[in-house]
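S.K.: coords below, sequence missing:
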Ligand SMILES: [Zn+2]
């Protein structure tokens with residue numbers, strides 16, 4: 001088996017920017033592809049990365065802000081015609097996340113005309129077998145107890161666990177940890193500094209973490225209550241290295257940039273500032289960045 005991380009898009013916030021795709025990542029484990037969030041352009045980034053829609057196994061949604069799910073319909077529906085193999089239709093694409101049952105039902109209802117009419121003119125697999133959603137419930141911890149991660153999926157050597165993080169009014173917003181025989185990758189989703197995430201990410205090979213430069217946003221007109229809201233949604237560039245340090249991860253990879261414009265802050269500046277309080281390796285994520293995990297590499 002092999003495990004490879006691919007960043008499909010690294011922009012934070014819904015507003016499209018030139019030169020950077022919306023937040024989405026992929027983890028390729030053996031012949032299965034897992035996608036984490038489906039921001040703007042995710043299906044195109046998926047093919048640009050050379051990934052095969054026949055191997056798309058599951059999508060993990062961190063939360064239902066539009067920048068994380070805007071292109072989920074395309075991720076499911078564009079490859080519908082090829083979701084078949086020599087032995088008939090492929091297994092449904094699984095969609096895991098908070099309230100994803102409602103989300104996927106809504107997508108299928110919205111596209112019901114296409115799902116009904118397209119098979120009249122083209123050979124299509126049964127639309128009823130295209131997708132299955134599973135809601136992730138995060139139970140409240142007992143008084144005084146630390147939150148325990150929820151096992152979301154455990155199959156074929158891939159174990160996925162989730163924990164609730166802190167992202168404004170979103171309840172819950174999730175972080176995910178993937179463990180394979182090659183190593184472990186944690187996706188923070190959108191969060192402020194969060195002790196449960198730090199516990200989830202302990203000694204992971206890679207922590208893919210959101211980052212914001214609140215000082216930059218303040219200098220460019222985000223002030224007062226709006227800035228306070230931003231501080232309750234995201235982890236500042238001055239804090240994210242400390243998160244990685246406390247989690248004792250091997251590599252910190254930055255993503256979900258705020259500001260998202262590639263020209264606003266250089267990759268070198270993002271990495272330098274984020275890495276000052278982290279003794280491991282800090283990398284500025286970019287669309288298309290790849291990392292192969294080697295168990296013996298540490
Ligand atoms: Zn976001």
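M.R.: Structure received. Predicted, not measured: the structure shown is a model, and the values here were computed from it.

S.K.: just say helix, strand or coil for the residue nearest the centre of the chain.
M.R.: Most central in the chain under CA atoms, centre = their mean is residue 36, positioned 3.3 Å from the mean C-alpha point. Put simply, residue 36 is strand when judged by DSSP: H, G, I helix; E, B strand; the rest coil.

S.K.: the residue of the stretch 151-298 of the chain found nearest the ion and residue 204: what is the separation?
M.R.: Here the stretch 151-298 of the chain gets closest to the ion at one residue, residue 190, 4.4 Å apart by CB to the ion. From N, CA and C alone the C-beta is placed, and that goes for glycine too. Separation of residue 190 from residue 204 (CB to CB, to the nearest Å): 18 Å.

S.K.: comparing those two, which residue is more hemmed in?
M.R.: Taking neighbours as other CB atoms under 10 Å, residue 190 and residue 204 compare with residue 190 leading, 28 against 22.

S.K.: give me the nearest residue to that one, chain neighbours excluded.
M.R.: Nearest non-adjacent residue to residue 190, counting by CB to CB, 6 or more residues apart in numbering: residue 167, 4.5 Å away.

S.K.: which residues of the stretch 151-298 of the chain lie near the ion?
M.R.: residue 190 (CB under 5 Å from the ion).

S.K.: just for the stretch 151-298 of the chain, where's the confidence low?
M.R.: For the stretch 151-298 of the chain, the stretches with pLDDT under 70 are 296-298.

S.K.: now swap in the stretch 1-150 of the chain and tell me
M.R.: Along the stretch 1-150 of the chain, no part satisfies pLDDT under 70.

S.K.: mind listing what the residue in it that the ion sits nearest to touches?
M.R.: Residue nearest to the ion within the stretch 1-150 of the chain (CB to the ion): residue 67, separated by 4.4 Å. Applying CB atoms under 8 Å, 6 or more residues apart in numbering, we find residue 67 in contact with 11, 12, 13, 14, 22, 23, 39, 40.

S.K.: show me where the stretch 151-298 of the chain has its helices.
M.R.: Assigned by DSSP state H, counting those that start in this stretch, the stretch 151-298 of the chain shows helices spanning 195-200, 214-219, 224-231, 237-247, 267-275.

S.K.: and those as a markdown table, adding distance to residue 79?
M.R.: Shown next, in a markdown table, are the helices of the stretch 151-298 of the chain (distance: least, CB to CB, whole Å):
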| stretch | distance to residue 79 |
| --- | --- |
| helix 195-200 | 31 |
| helix 214-219 | 37 |
| helix 224-231 | 36 |
| helix 237-247 | 34 |
| helix 267-275 | 31 |
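
S.K.: so for residue 158, which of these sits nearest?
M.R.: Shortest distance between residue 158 and the helices of the stretch 151-298 of the chain, using CB to CB, is found for helix 195-200: 16.1 Å.

S.K.: what is the closest one packed up against?
M.R.: The helices and strands touching helix 195-200, judged by 3 or more CB pairs under 8 Å, 6 or more residues apart in numbering; DSSP states H and E, are strand 158-167, strand 170-180, helix 237-247.

S.K.: for residue 134, find the nearest of these.
M.R.: The closest of those to residue 134 is strand 158-167. By CB to CB, the value is 11.2 Å.

S.K.: next, the buried residues of that closest one.
M.R.: With burial defined by 16 or more other CB atoms under 10 Å, the residues of strand 158-167 counted as buried are 158, 160, 161, 162, 163, 164, 165, 166, 167.

S.K.: follow-up on the earlier one: moving C-terminal of the helix or strand where the residue of the stretch 1-150 of the chain closest to the ion lies, what's the next helix or strand?
M.R.: Per DSSP states H and E, residue 67 falls inside helix 66-69. Moving toward the C-terminus from helix 66-69, the next helix or strand (DSSP H and E) is helix 72-77.

S.K.: quick one: distance of that following helix to the chain centre.
M.R.: How far helix 72-77 lies from its chain's middle: 15 Å, per CA atoms, centre = their mean, to the nearest Å.

S.K.: which of the three states applies to residue 114?
M.R.: helix.

S.K.: all set, thanks.
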